[in-house]
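In: 3D model of this:
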Amino acid sequence: MAAVLIRPNTSEKSRLRLIVVQALVLSLFLTLFARLWYMQVLTGEGYQAAAAEQSVRDVVVQPARGLIVDDMGRPLVANRSSWVVSIDRTLLGKLPAEQQDRTLRKLSAVVKEPVATIRERLVVCGQEGSTTGTCWNGSPYQPVPVAQDVPQQVAVKLLERTEEYPAVLAQQESVRAYPAPYGVNGAHVLGYLSPITGGELEEAEKDEDTSVNGASVVGRAGVEKAYDSYLRGTPGFKKVAVDSMGRVLGDSGEVEAEPGDTLVTSIDADVQGFVEKQLAGTIARARSTFDSVTGRNYVADSGAAVVLDAKTGRVVAMASQPTYDPEVWSGGITSKQLDRLYSEAAGTPLLSRATQGQFAPGSTWKPMMTAGALSNGYTTDTRLDCSSGFQVGNRVFKNYESGAYGYIDFAKALEVSCNTFFYRIGYDFWQKYGSDTTDVDAKDPLVSVAKTFGFGKPTGIDIPGEASGRIADRRWKLAYYKSMKDYYCKVGKEDGSDFLHRFAREFCAEGYEYRAGDAVNFAIGQGDTVVTPLQLARAYAALSNGGTLYEPRVAKAIVSPEGKLLKEFAPVVARKLPVKKDVLAYIDEALKGVARTGTMAWKLEGFPLDQVSIRAKTGSAEVYGKQSTSWVASYSKDYVVVMMVSQGGTGSGTSGEAIRAIWEKLYGIKGTSVNLAKSAIPGVSPPSRLPTFAQDGSILPPATTKRED
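Out: Predicted coordinates for the structure are as follows:
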């Protein structure tokens with residue numbers, strides 16, 4: 001019997017398929033529900049926190065930087081509010097290229113900045129395509145400012161239409177302002193700010209320094225740099241809710257920023273402003289004065305003036321020319337402006353001639369040489385021939401400012417600024433101790449005393465970037481020879497009989513030798529020895545105060561925003577001069593003679609020297625290939641006043657008028673009468689007390705203005 005195969009009918013097959021499908025669907029739903037339960041119940045809190053973190057961003061609230069005030073509490077540097085437009089590079093990068101381009105073009109039209117400039121500002125400095133002076137020098141993770149000081153209506157427009165300007169931020173920021181009391185410039189003393197660099201930020205993070213962040217600006221020069229840690233304050237943070245495009249939806253809390261501390265300086269705005277005007281006026285007059293030696297007007301390419309408190313070494317005023325407007329750094333600087341600050345054609349305005357300019361001191365050097373001679377065998381009874389010339393080998397070294405006066409003493413030599421008198425002293429010491437021209441260890445009393453007066457190294461002033469000057473002694477000459485030998489020997493082998501080729505051949509053969517000519521030049525502040533105006537001013541302060549050499553200081557105190565004294569900076573003594581009191585007193589009396597009957601007398605005619613006793617020394621330093629440098633160094637028992645004009649002519653002839661005007665300002669002198677009540681600084685002497693910080697935020701002059709003798 002044959003087997004019969006029974007097949008399921010079509011309806012049974014359909015039911016089977018349906019059951020399988022239902023089972024699959026059910027398993028999918030079960031898996032989905034299980035996953036939802038896992039995410040929402042078991043790990044829901046974690047995902048909620050992550051979602052909230054993505055929708056809330058921390059915005060840094062920059063602190064108001066601390067004030068910088070003068071000795072009377074007058075603000076030299078303050079703050080003002082500025083609307084700044086920035087671009088978040090991270091958000092901009094997430095947009096399609098077409099939308100990025102459209103956003104930048106629309107923003108360009110609103111803020112009146114070329115698209116190309118905006119693009120340049122978005123490039124981090126150091127990256128390919130970056131432009132010096134325009135590129136972003138801050139953290140690559142912070143919004144980049146592309147327009148500063150924009151009108152408020154422009155900022156409001158951007159804030160109201162955030163959907164049209166994705167990745168664009170508009171906010172108020174605090175930027176530096178310069179009230180300029182008495183017309184003060186003070187650019188080289190005050191310094192400037194610029195964005196923190198990536199390297200600086202990394203260092204701060206390593207040190208766990210929370211006072212800076214990627215959007216911070218930091219001090220780059222002057223007291224802004226020296227006291228940056230006090231002035232910068234502590235940033236705050238504001239949490240803001242944003243959507244997926246970075247548009248702000250609202251605030252969700254804020255940690256307030258702490259403003260920076262106030263820096264009280266020893267600068268007096270009245271004196272500073274006046275000194276700046278006198279220096280600028282002196283340079284202008286020199287440029288309109290004919291130089292009979294060169295047959296053209298004086299170039300007067302730069303200058304400096306320094307006023308010190310002789311008793312403490314504090315800086316009362318310090319000016320430099322050429323200078324620049326410190327506002328140029330506020331809110332960013334253009335590449336064109338930056339180029340000018342470094343431009344030699346413009347006179348390198350960024351260079352402070354007072355602390356970084358190095359010049360031959362000329363005859364202002366002679367009081368220190370007098371101290372060296374009187375401390376090493378010479379006496380006040382010594383008389384040497386002030387002849388018209390002094391021959392060393394086959395060369396005759398001549399007087400410059402003075403004529404021939406016969407046999408005179410040190411006082412008269414200082415009074416008439418006799419070069420040949422000091423040539424003889426330099427030559428005498430060279431013969432006695434150093435006629436072996438190759439002996440780098442030979443004793444040299446004049447070099448030694450110059451170093452004790454602080455020359456040849458920085459003064460230690462609390463302004464960064466100070467130059468050291470140079471003492472051109474035997475060791476320096478040997479070191480210079482070693483560094484330049486190859487160059488000059490190569491030039492010397494070339495054909496040529498001009499000065500350069502002759503000098504090169506001589507230098508190649510024996511440039512390491514310290515000859516008698518070097519010694520006599522050193523004795524009158526000529527040759528390769530150079531000083532800064534500040535170095536010279538503090539040396540004269542030591543003559544004034546009886547032999548104490550100070551490290552000059554600009555800062556007097558740090559005061560909290562609430563007016564609490566946090567730190568006071570006492571005068572810093574560098575050393576006591578190893579010069580006898582009677583020697584210093586002799587030099588002091590001799591320099592009175594310079595003001596009364598010597599080379600400065602014609603500029604002080606009618607000045608009440610019997611009431612305000614001024615000591616002075618003039619100088620006209622000669623530099624090969626340039627016009628002479630004008631110097632006047634002067635002091636009283638209260639102040640030191642020094643002025644220098646490079647390629648400006650004779651000492652008193654160029655700078656004497658301004659020096660007199662500054663002294664009249666300091667002591668309230670008009671004509672021949674002295675009115676101390678009208679002196680620039682009440683009480684004449686710089687105030688020893690600090691300004692008074694009132695509870696309402698106002699700053700008042702020091703509580704006492706009584707003269708403290």
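
In: so where do the helices sit in the stretch 401-550 of the chain?
Out: 410-416, 419-433, 445-452, 474-492, 499-510, 516-523, 533-545 (DSSP state H, counting those that start in this stretch).

In: So which elements touch the shortest one?
Out: Helix 410-416 is packed against helix 366-374, strand 384-386, helix 419-433, helix 581-596, with contacts defined by 3 or more CB pairs under 8 Å, 6 or more residues apart in numbering; DSSP states H and E. Quick note: C-beta positions are derived from backbone N, CA and C, even for glycine.

In: Ok, the fourth one next?
Out: Taking 3+ CB pairs under 8 Å, 6+ apart as contact, the helices and strands that helix 474-492 lies on are helix 499-510.

In: now the second one
Out: Contact analysis of helix 419-433 by 3+ CB pairs under 8 Å, 6+ apart lists helix 366-374, strand 384-386, strand 389-392, strand 395-398, helix 410-416, helix 445-452, helix 516-523 as its packing neighbours.

In: Only the buried residues of that helix, if you could.
Out: Asn419, Thr420, Phe421, Phe422, Tyr423, Arg424, Ile425, Gly426, Tyr427, Asp428, Phe429, Trp430 (16 or more other CB atoms under 10 Å).

In: For the third one, which residues are in contact?
Out: By CB atoms under 8 Å, 6 or more residues apart in numbering, Phe421 lies in contact with Leu384, Asp385, Cys386, Ile408, Phe410, Ala413.

In: got TSV for those, with distance to Ala345, neighbour count and pLDDT too?
Out: Output for these, formatted as TSV (distance: CB to CB, whole Å; neighbours: other CB atoms under 10 Å; pLDDT from 0 to 100):
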residue	distance to Ala345	neighbour count	pLDDT
Leu384	46	22	98
Asp385	47	14	97
Cys386	43	25	96
Ile408	46	19	98
Phe410	45	29	98
Ala413	42	26	97
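
In: Need these in JSON lines (columns: distance to Gly93).
Out: As requested, the contacts of Phe421 are arranged in JSON lines below (distance: CB to CB, whole Å):
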{"residue": "Leu384", "distance to Gly93": "79"}
{"residue": "Asp385", "distance to Gly93": "81"}
{"residue": "Cys386", "distance to Gly93": "78"}
{"residue": "Ile408", "distance to Gly93": "80"}
{"residue": "Phe410", "distance to Gly93": "75"}
{"residue": "Ala413", "distance to Gly93": "74"}
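
In: Summarise which helices and strands the helix or strand harbouring Ala616 is packed against.
Out: For Ala616, the element it lies in under DSSP states H and E is strand 615-621. Counting contacts by 3+ CB pairs under 8 Å, 6+ apart, strand 615-621 packs against helix 533-545, helix 581-596, strand 629-635.

In: angle of the helix or strand following the last one against helix 533-545?
Out: What that stands for is strand 629-635. For strand 629-635, the following helix or strand on the C-terminal side (DSSP H and E) is strand 639-646. Using axes from the mean of the first three to the mean of the last three CA atoms, to 10 degrees, the direction of strand 639-646 lies 150 degrees away from that of helix 533-545.

In: and the angle from strand 639-646 to strand 629-635?
Out: Using the same axes, to 10 degrees: strand 639-646 against strand 629-635 is 180 degrees.

In: Please name the strands paired to strand 639-646 in the sheet, noting orientation.
Out: strand 302-309 (antiparallel), strand 629-635 (antiparallel) (DSSP bridges).

In: what's whatever helix or strand comes next after the first one packed up against?
Out: So the one you mean is strand 302-309. Per DSSP H and E, the first helix or strand lying C-terminal to strand 302-309 is strand 315-321. Helices and strands touching strand 315-321, by 3+ CB pairs under 8 Å, 6+ apart, are helix 187-190, helix 269-287, strand 302-309.

In: From the chain's centre, how far out is strand 315-321? Work that out for me.
Out: For strand 315-321, the distance from its own C-alpha centre to the chain's C-alpha centre is 12 Å (CA atoms, centre = their mean, to the nearest Å).

In: Following the chain onward from it, which element is next?
Out: helix 335-342.

In: What is that next one packed up against?
Out: By 3+ CB pairs under 8 Å, 6+ apart, helix 335-342 packs against no helix or strand.

In: in it, what counts as buried?
Out: Result for helix 335-342 [16+ other CB under 10 Å]: buried residues Leu338, Arg340, Leu341.

In: likewise stretch 164-173?
Out: Of the residues in stretch 164-173, those buried (16+ other CB under 10 Å) are Tyr165, Pro166, Ala167, Val168, Leu169, Ala170, Gln171, Glu173.

In: ok, and the last one, which helix or strand is that part of?
Out: Taking DSSP H and E as the definition, one finds Glu173 inside strand 168-177.

In: now that strand: mean pLDDT?
Out: Strand 168-177 carries an average pLDDT of 88.

In: Direction included, what does that strand pair against?
Out: In the sheet, strand 168-177 lines up with strand 75-87 (antiparallel) (DSSP bridges).

In: next helix or strand past the strand it pairs with?
Out: Next along from strand 75-87, by DSSP H and E: helix 89-94.

In: What are the buried residues along that next one?
Out: Those would be Arg89, Leu91, Leu92, for helix 89-94 by 16+ other CB under 10 Å.

In: Please state the offset of it from the chain centre?
Out: 37 Å.

In: Just the angle for the helix or strand following it relative to strand 168-177, thanks.
Out: Remark: after helix 89-94, the chain's next helix or strand is helix 97-111, criterion DSSP H and E. Interaxial angle of helix 97-111 relative to strand 168-177 (the same axes, to 10 degrees): 40 degrees.

In: Against which helices or strands is helix 97-111 packed?
Out: Using 3+ CB pairs under 8 Å, 6+ apart, helix 97-111 is in contact with strand 75-87, helix 89-94, helix 115-122, strand 144-147, helix 152-160.

In: Of the ones you listed, flag the one that's most buried.
Out: Across the helices and strands packed on helix 97-111, averaging neighbours per residue (mean count of other CB atoms under 10 Å) puts strand 144-147 on top, at a mean of 24.
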